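Undergrad: A predicted structure for the sequence below; I have some questions about it.
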Amino acid sequence: MKVYAGIDIGSTSIKIVLIDESENIVAHSTNPTGASFHKNSMDAFQSLLERENIQKADILYLASTGYGRKLLKEADETISEITANAVGAKKSAEKIGTVKTVINIGGQDLKGISLDEEGNCGNFVMNDKCAAGTGRFLEMTARTLETSVDKLGELHFNLKGVPASINSTCTVFAESEIISLLANGHSHEGIVVGVHYSIAKRIARLIKRIGVEDIIFFDGGPAMNKGLVEAVENELMRELYIPDVPQITTAFGAALIARSVYHEEEVHA
Amino acid sequence: MEKERIEKVKKHIRTEAALEAGQVLKKITDNFPDNPEGMKYFYDLLSRQFSEEILPKNGKKLIGTMCVQVPDELILAAGAKPVRVCSGSFPYDNAGAEFMPAKTCSMIKAIMGLFQVEDFREKFDMLVIPTTCDQKKKTTEILKDMGYEAYSLAMPSRKDDDNSRYYWQNSVKEFAADLMKKTGNKITKESLKKAFDLKNEARYEFRRLFKLRMKNPAVIYGKDAFLIANAYFTDDIESWTAALKKLNDELEKKVEEGFSVANAKVPRFLFTGSPPIFPNMKIPLLVEEAGGLIAIDEVCSSSRLLYDMPSYDEQGLYDMIPAIADCYLKPCTCPCFVPNEERKDKISNLIDMFNIDGVIYQAFSGCQLYEMEQKLIGNFLMKKGVPMLYIESDYSPEDTGQLSTRVEAFIESIKMKKKSSAAKKEENKKDKK
């Protein structure tokens, strides 16, 4: 089977999506990025191909995106993660309607994208160099509370009593704030809820700059955290649409772009 | 011992500054094919500035200027050489950060770092700083405290009423008188006429380049245009004009031959906001390396520099000096003016003249005026239907990764829009048939 590949080399993990001619997802994988961007990307790609029993020759076109997109010399096309995310989100939510706003939380970015009538990326906002309110922030919280990131959602819903309020959005300052909250006897659950709301507030502030319109699509790894989703929904006072596998939307978008570029080139050739 | 240590630190900063300049210049020349022959003069000049003696020596008295608003005709007429000292160097920005408040803009920190590291007290007879933004205003006093001959050139914050106009004209007159005292040379109507002519020749060539940049497909990159204007800061005006004339001749010939640096489909941008000053070419390079073209700019380090011409009726100082003053006040679109509606008009005109697809707006972190005016320009452009990318940044290279994502996404979104509007046109054509 001939496939198109999208590979999203993020700051935390490498996401790969393979699609067929009818734009269906054939296979996908998520692996940690580590320190060797290129090697780990190629290894991840190779093992996905082996798992799915797909030959390299069957890859018609490969598009790379994400923070490490330019390192992958094997890619036929590189595309920024903002465009790829918009394209992926539009297609993923096709069955429920037209996506107008995309919120993405990555390992070190926070993005808001508004889509125009045709589903093109109209306007977007992104955090500056500071990693406040991103995946890193959640990792730091989990580490300080001696738990793992995937347990945060559960802790969120176990809260009895009032949440702690986290005032710092800076990852470094928030860590010391959490430690002092712990020292004052606050519960882990209360702190987790506080952290989720602090991120949610930051997202709300950021995306209000581009305007918020339904349908709102929320993706990136942290969208798997149901506690965070609840906090963001409450802050925005709107419902969010979360795809089944939220971390692969951008890689899916890259694969879709790979397919359309391939066909465009065919026309010109 | 202490003296030796200080010398060592200074030497280290100088080396770092030269390294940075070398790296940026290498990017500018090596990452782009077909750089015009005539650009070599400007590349060399800028590289010399950091690797050799920073200030040109030609026996003339040096007057440092810290803003595009200082009328350098007067300095030329007083037989001195104007040198614009606005700096784009990150190592000097770091040096300035040691004693300036954290929220100061990079450019001010770099200037102050430069004047702290390099002892220029003997070199400059005067440093002229107009009272534009608060940071520049206060800088004058700090420089005085450091032992420099710093001159505060009083500017009004409005330009649309007679009071402001006369206030500024008087201020320029006083400046002319002080210049004469300082240099010991008289400004006469003859010497001023000569300075006018020199500057008008420079303006003429600058406008020729301006017209050449309107061509689509483009014949010169924006990064080169920024460098040409940057070279004017320190170069001798006559050699600069001659070098630009040569480059313009070359470009005109290239246009005739059908040469271009980018095809007509490449998205064309207008660059506005805080000034890119070599070696801080961070954002312009990100844009042009990602496949965009900066067709024109609206910044004080480039297109605002030499475009407007003074006009006087009678050749006499009583008419010529107010004419200079007017030329520097009225057309200025710095956000330190309230109101600043002209900036919108200017940007809007440039968008139409230069076939612009999008606007890149840079504000240095800490430059409150550009940061605040961003909203107004953004709203105006939204109504005009031109997309704008707002970037807040400084001289440090640490945010390049994230910025490149934003810049590339902006370029991609414009390409997609262009594609779908082209497709629509095609469909309309078919329908008509």
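TA: That came through, no problem. All values reported here derive from a predicted model rather than from experimental measurement. Numbers count the residues shown, from 1 in each chain, chains lettered A, B, ... in the order given.
Undergrad: which residues does residue 91 contact?
TA: Using chain A here. A:23, A:252-253, A:256 (CB atoms under 8 Å, 6 or more residues apart in numbering or on different chains). Just so you know, the C-beta spots here come from the backbone N, C-alpha and C atoms, and that holds for glycine as well.
Undergrad: Chain B, not that one
TA: B:13, B:16-17, B:20, B:113.
Undergrad: Ok, residue A:181 next?
TA: Per CB under 8 Å, 6+ apart, neighbours of residue A:181: A:164, A:166, A:190-191, A:194.
Undergrad: Ok, residue B:43 next?
TA: With CB under 8 Å, 6+ apart, residue B:43 has these contacts: B:25, B:28-29, B:227.
Undergrad: returning to what we had before: which members of the contacts of residue A:181 occur in helices, if any?
TA: With DSSP state H as the criterion, helices contain A:190-191, A:194 from among the contacts of residue A:181.
Undergrad: Could you list the contact residues of the stretch 101-250 of chain A toward chain B?
TA: A:109, A:118, A:120-124, A:126-129 (CB under 8 Å from any CB of the partner chain).
Undergrad: Would you show me how to pick out the buried ones of those in PyMOL?
TA: The buried residues among these can be selected in PyMOL (16 or more other CB atoms under 10 Å in any protein chain shown) with this line:
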select buried, chain A and resi 109+120+121+122+123+124+126+127
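Undergrad: Show me which pair in the residues of the stretch 101-250 of chain A next to chain B is furthest apart.
TA: Across these, the longest distance by CB to CB is 31.9 Å; it joins A:118 and A:129.
Undergrad: Point me to the residue of chain B nearest chain A.
TA: residue B:409 (3.3 Å; CB to the nearest CB).
Undergrad: What does the pLDDT read for that residue?
TA: pLDDT recorded at residue B:409 is 93.
Undergrad: One more: residue B:432?
TA: Looking at residue B:432, its pLDDT stands at 68.
Undergrad: Repeat that for residue B:53.
TA: Looking at residue B:53, its pLDDT reads 68.
Undergrad: so how many other residues sit close to the closest residue to residue A:236 other than its chain neighbours?
TA: Leaving aside its sequence neighbours, residue A:236 sits nearest to residue A:204 (CB to CB, 6 or more residues apart in numbering or on different chains; 5.5 Å). By other CB atoms under 10 Å in any protein chain shown, 19 other residues sit near residue A:204.
Undergrad: Counting by contacts, list what the helix or strand harbouring residue A:204 packs against.
TA: According to DSSP states H and E, residue A:204 maps onto helix A:188-208. In this structure, helix A:188-208 makes packing contacts with strand A:101-105, strand A:110-115, helix A:135-144, helix A:152-157, helix A:171-183, helix A:226-236, judged by 3 or more CB pairs under 8 Å, 6 or more residues apart in numbering or on different chains; DSSP states H and E.
Undergrad: now the angle from it to helix A:171-183?
TA: If you take axes from the mean of the first three to the mean of the last three CA atoms, to 10 degrees, helix A:188-208 sits at 150 degrees to helix A:171-183.
Undergrad: Buried residues, helix A:188-208. List them.
TA: A:188-204, A:206-207.
Undergrad: swap in stretch B:343-357?
TA: Quick answer for stretch B:343-357 (16+ other CB under 10 Å): B:343-344, B:346-348, B:350-351, B:354, B:356-357.
Undergrad: domain ranges for chain A?
TA: Here the domain parsing of chain A from automatic domain parsing is A:1-93+A:247-269, A:98-242.
Undergrad: so which of the ones you listed gets nearest residue B:183?
TA: Proximity to residue B:183 (CB to CB) singles out domain A:98-242 among the domains of chain A, at 45.8 Å.
Undergrad: and the helix or strand harbouring residue B:93, what's its mean pLDDT?
TA: If you go by DSSP H and E, residue B:93 is part of helix B:90-97. Across helix B:90-97, pLDDT averages out at 95.
Undergrad: go on, stretch B:188-204?
TA: The predicted model gives stretch B:188-204 an average pLDDT of 95.
Undergrad: quick one on the thing from earlier: format the contacts of residue B:43 as TSV; extra columns: neighbour count, distance to chain A and pLDDT.
TA: Below are the contacts of residue B:43 laid out as TSV (neighbours: other CB atoms under 10 Å in any protein chain shown; distance: CB to the nearest CB, whole Å; pLDDT from 0 to 100):
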residue	neighbour count	distance to chain A	pLDDT
B:25	19	22	95
B:28	24	19	95
B:29	15	21	95
B:227	23	25	97
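Undergrad: Out of those, list just those in helices.
TA: Secondary structure from DSSP H places B:25, B:28-29, B:227 of the contacts of residue B:43 in helices.
Undergrad: for the residues you listed, which one is nearest residue B:201?
TA: Taking the ones in helices among the contacts of residue B:43 together and measuring to residue B:201 by CB to CB, the closest member is residue B:227, at 20.0 Å.
Undergrad: pretty sure that closest one is touching residue B:38, no?
TA: No - counting by CB atoms under 8 Å, residue B:38 is not a contact partner of residue B:227; they are 11.6 Å apart.
Undergrad: In this model residue A:48 seems to touch residue A:27, though I could be wrong.
TA: Yes - with contact defined as CB under 8 Å, residue A:27 counts as touching residue A:48 (6.1 Å).
Undergrad: hang on, the earlier thing: ok, which pair from the contacts of residue B:91 is furthest apart?
TA: Most distant of these, by CB to CB, are B:20 and B:113, 12.9 Å apart.
Undergrad: And these two? Which one has more around it.
TA: Comparing residue B:20 with residue B:113 by other CB under 10 Å, the one with more neighbours is residue B:113, at 26 against 20.
Undergrad: Surely that one touches residue B:96?
TA: Yes - Residue B:113 lies in contact with residue B:96 (CB under 8 Å); the separation is 3.2 Å.
Undergrad: Any chance of TSV for the domains of chain A, columns mean pLDDT?
TA: Output for the domains of chain A, formatted as TSV (pLDDT from 0 to 100):
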stretch	mean pLDDT
domain A:1-93+A:247-269	93
domain A:98-242	89
